[in-house]
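In: What would the 3D arrangement of this be:
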Amino acid sequence: MDELNKHDESMEEVEELGLTDKIVSVLSEPGELFSKLSNLPVKTMDWLLPLLLVIIVAIISNFTLMSNPEIKADIVEKQMSQFEKNFQEAVDKGQMTQAQADEQLDKIAERMEGGGSGQMIISSVAIVIISFVSFFIISGVFLSLAKFALGGNGDYKSSILAYGMPHYIMVIQIVIMIIAAMGMGKMFMDTSVGSFMGMEKNTIVEWFMHKLDPLSIWFYAVVGIAYAKMFKSDNTVKYILAIFAMWFGFSLLMHFAAQALPFLKWFGM
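Out: As a prediction, the model looks like this:
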């Protein structure tokens, strides 16, 4: 009887948690928060709100940074450098003439320099679509990892909550990226040591330096904790290591893929 009363009190405590309490708990006490949430029905707004905030802040970041002439010039320069490299490789392989390459480069440069509000709207729509599609796919992948590889007890709703709520950390990361970009006059794709040192991702060492990202490490650590609690596991470390292994493994795979298919670098791979 006492145990039932304690369980009822615990559920009432979770139900009384407000938005601010949940955000603070995700950032400071994720283990305790997700242990409580694992005993309650999943609320759509608990995962949808942080995802929407990430999208909104990303769109604001896009407009803010592209409105800065110095940052826009840096972005255009980096993209044009990659285009030039790709076209030069095509010329060297005899796939196109130098004149054709120069003509294509001129058209691309003109299009990028003249990109206005229309281009920004298209970019914003792309952010929304890609964010939602990738969110549900990754939630499905992590569900398979937690349920089948690690033997957890949970469903897809548990997965989207465990992956969605830590997105508040991503909001913080994007804000820091905006501040850093405005202060240093260049675009940042993450908050890693590699980015702040201005490194490319051509070698394994450079790739690894881009993985030394305190905000990303924090995010995936909280995701690991969330999955362990939502899928009723006593071994939180196992889940954290599994999430990190998937993050590093997929990123490394895409790093090698980008060496063969350079256009993948445009997506931050």
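
In: For the rest of this, base every contact and every neighbour count on C-alpha atoms.
Out: OK.

In: ok, for the residue sitting nearest the centre point of the chain, nearest residue in space, not its chain neighbours?
Out: The chain has M170 as the residue nearest its centroid, 7.0 Å off, counting by CA atoms, centre = their mean. Distances taken as CA to CA, 6 or more residues apart in numbering place V54 nearest to M170, at 6.6 Å, with adjacent residues excluded.

In: what sits against the one you found?
Out: Shown in contact with V54 (CA atoms under 8 Å, 6 or more residues apart in numbering): H167, Y168, M170, V171, I174.

In: From those, pick the one nearest A73.
Out: Distance to A73 across the contacts of V54 (CA to CA) is lowest for I174, with 20.2 Å.

In: check which helix or strand covers the closest residue to G185 other than its chain neighbours.
Out: Leaving out its chain neighbours, the residue that sits closest to G185 by CA to CA, 6+ apart is I71, at 5.2 Å. Using DSSP states H and E, I71 sits within helix 69-92.

In: next one: Q173
Out: helix 167-184.

In: chain center to that helix: distance?
Out: From the chain centre to the centre of helix 167-184 is a distance of 12 Å (CA atoms, centre = their mean, to the nearest Å).

In: List of residues touching that helix?
Out: Helix 167-184 is contacted by residues 23, 26-27, 50-51, 53-54, 57-58, 61, 65, 71, 187-191, 215-216, 218-219 when judged by CA under 8 Å, 6+ apart.

In: Please flag which of these sit within helices.
Out: 23, 26-27, 50-51, 53-54, 57-58, 61, 65, 71, 215-216, 218-219 (DSSP state H).

In: Quick check: the farthest pair among these?
Out: Greatest spatial distance in these: V26 and I71, 32.7 Å, computed using CA to CA.

In: Next, the buried residues of the helix holding Q173.
Out: Residues of helix 167-184 classed as buried: 167-171, 173-178, 180-182 (neighbour count, 16 or more other CA atoms under 10 Å).

In: where does the stretch 51-200 of the chain have low pLDDT?
Out: The stretch 51-200 of the chain contains residues with pLDDT under 70 at 112-117.

In: Buried ones in stretch 120-130, by neighbour count?
Out: S124, I127, V128.

In: which helices and strands does the helix holding I71 pack with?
Out: With contacts taken as 3 or more CA pairs under 8 Å, 6 or more residues apart in numbering; DSSP states H and E, helix 69-92 sits against helix 44-66, helix 98-113.

In: again, only using 6 Å
Out: On a contact count with 3 or more CA pairs under 6 Å, 6 or more residues apart in numbering; DSSP states H and E, helix 69-92 meets no helix or strand.

In: ok so, going back, which two among the buried residues of helix 167-184 are spaced furthest apart?
Out: H167 and M182 (22.9 Å).

In: tally of neighbours for F250?
Out: Other residues lying near F250 total 12 when counted by other CA atoms under 10 Å.

In: Equivalent analysis for K107, please.
Out: Each residue near K107 was counted by other CA under 10 Å, and the total is 11.

In: now G18
Out: By the other CA under 10 Å criterion, the neighbourhood of G18 contains 9 residues.

In: now the ones in helices among the contacts of helix 167-184: which count as buried?
Out: Buried by 16+ other CA under 10 Å: 23, 26-27, 50-51, 54, 57-58, 61, 65, 71, 215-216, 219, out of the ones in helices among the contacts of helix 167-184.

In: Going by distance to Q98, which of those residues wins?
Out: I71 (29.7 Å).

In: Next, work out how far apart E70 and K78 are.
Out: Per CA to CA, to the nearest Å, E70 is found 13 Å from K78.

In: what does L19 give?
Out: For L19, the distance to K78 - CA to CA - is 40 Å.

In: can you check F256 too?
Out: Counting by CA to CA, the gap from F256 to K78 is 20 Å.

In: Can you report how many residues lie near the closest residue in space to D46 that isn't next to it in sequence?
Out: Spatially, and ignoring its direct neighbours in sequence, D46 is nearest to M165 (6.4 Å; CA to CA, 6+ apart). Residues lying near M165 (other CA under 10 Å) number 25.

In: Thanks a lot, see you next time.
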